[in-house]
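Asker: Have a look at this prediction, sequence included:
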Amino acid sequence: MSRSVGVKGLREVIMDTMEEARAEIKRLQQWVNDLQAGMYVNCVYCGHRYGPEMDTPVSMAEVLKQHIEVCPQHPLSSARARIAWLEEKAEVVHDCLVEGDTRQALTEAKLMIRGRVLARLTDGDLADG
Ligand SMILES: [Zn+2]
């Protein structure tokens, strides 16, 4: 791009470029959808298979996204469990501080810090405490 532009002109050039990029992304996404329409797609974590003769109006990519939300073996599931556990502990720490029990707040905070090893714990361990 060799033309000389001011700040206002630069803004227009950026907006035009972004608009072109959005259109290209949309075109490529449709291409991916068309390619996947006649194929099976599998979850790489649990192997669940979808397609190609599905009754759903959504694309295969969208079907896979929806599956990831509920797949028990996807890393997102354990990440969600860890987040929920940490939020629960954070609330306990908050409550202890509000009640003036700084000793218990410190104990709970230490548990949270040690929570970095949670990835190695099972869901049963998380449920216990
Ligand atoms: Zn899965």
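Answerer: That came through, no problem.

Asker: Can you pull the residues of the chain lying near the ion?
Answerer: Residues of the chain that fall close to the ion, judged by C-beta under 5 Å from the ion: Cys43, Tyr45, Cys46, His48, Cys71. The way it works is simple: take the backbone N, C-alpha and C, and place the C-beta from them, glycine included.

Asker: ok, now with 8 Å
Answerer: The chain has residues Cys43, Val44, Tyr45, Cys46, Gly47, His48, His67, Ile68, Cys71, Pro72, Gln73, His74 near the ion, with proximity defined as C-beta under 8 Å from the ion.

Asker: taking those one by one, which sit in helices?
Answerer: Of the residues of the chain next to the ion, the ones assigned to helices by DSSP state H are His67, Ile68.

Asker: Using a markdown table, lay out the residues of the chain next to the ion together with neighbour count.
Answerer: Converted to a markdown table, these look like this (neighbours: other C-beta atoms under 10 Å):
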| residue | neighbour count |
| --- | --- |
| Cys43 | 15 |
| Val44 | 12 |
| Tyr45 | 15 |
| Cys46 | 12 |
| Gly47 | 9 |
| His48 | 14 |
| His67 | 18 |
| Ile68 | 15 |
| Cys71 | 18 |
| Pro72 | 9 |
| Gln73 | 13 |
| His74 | 17 |
